[in-house]
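Asks: Test case, fold it:
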Amino acid sequence: MKKVIGIILTGLLSVFSLTGCGDDGKLAGTYQGHDQVRGEHRYLLISKKEGYQLLLQNSKTFSKPVEFEAAEEKGFLKKEGDYLVKTPDNMKFFEIIDKNQLKQVNTGHIYTRISNDEN
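Replies: Numbers count the residues shown, from 1 in each chain. As a prediction, the model looks like this:
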């Protein structure tokens, strides 16, 4: 009987530790960055039940002041430790520096939160 209770408790603790990886949408918002190829651009993280929907907005060419094109869907991210991982391929996409800055893993570019809203 003690073994059965031990197994059940171990299973429950495992489930709770796995579901505790979320952050309740605390990273949702608009993050802006700049690079030489695309110029100003924004990533929008929209909070969903199991992670974040990822959208990209590029700036319109030569627009002054900067205007942005319509957002383009780029996939889905889940928080795993200090990273936002793109699913279903499980590749690290952003490193979470703090609640207001994300670092894109492939390019090293830093994106700063400009709004808590997703637009």
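Asks: pLDDT at residue 21, what is it?
Replies: Listed pLDDT for residue 21 reads 46.
Asks: Residue 81 too?
Replies: Model confidence at residue 81, given as pLDDT, is 95.
Asks: any idea how far residue 47 is from it?
Replies: Counting by CB to CB, to the nearest Å, the separation of residue 81 from residue 47 is 18 Å. The C-beta positions use only the backbone N, C-alpha and C, and glycine is treated the same way.
Asks: same question, residue 113
Replies: Residue 113 sits 14 Å away from residue 47, going by CB to CB.
Asks: repeat for residue 62
Replies: Applying CB to CB to residue 62 and residue 47 gives a distance of 34 Å.
Asks: Would you mind pulling the contact partners of stretch 33-40?
Replies: By CB atoms under 8 Å, 6 or more residues apart in numbering, the list of residues contacting stretch 33-40 from outside reads 32, 41-43, 58-59, 66, 68, 104, 107, 109-112.
Asks: Quote the end-to-end distance of it.
Replies: Start-to-end span of stretch 33-40 (CA to CA, to the nearest Å) is 6 Å.
Asks: Likewise for stretch 46-55?
Replies: End-to-end distance of stretch 46-55 (CA to CA): 8 Å.
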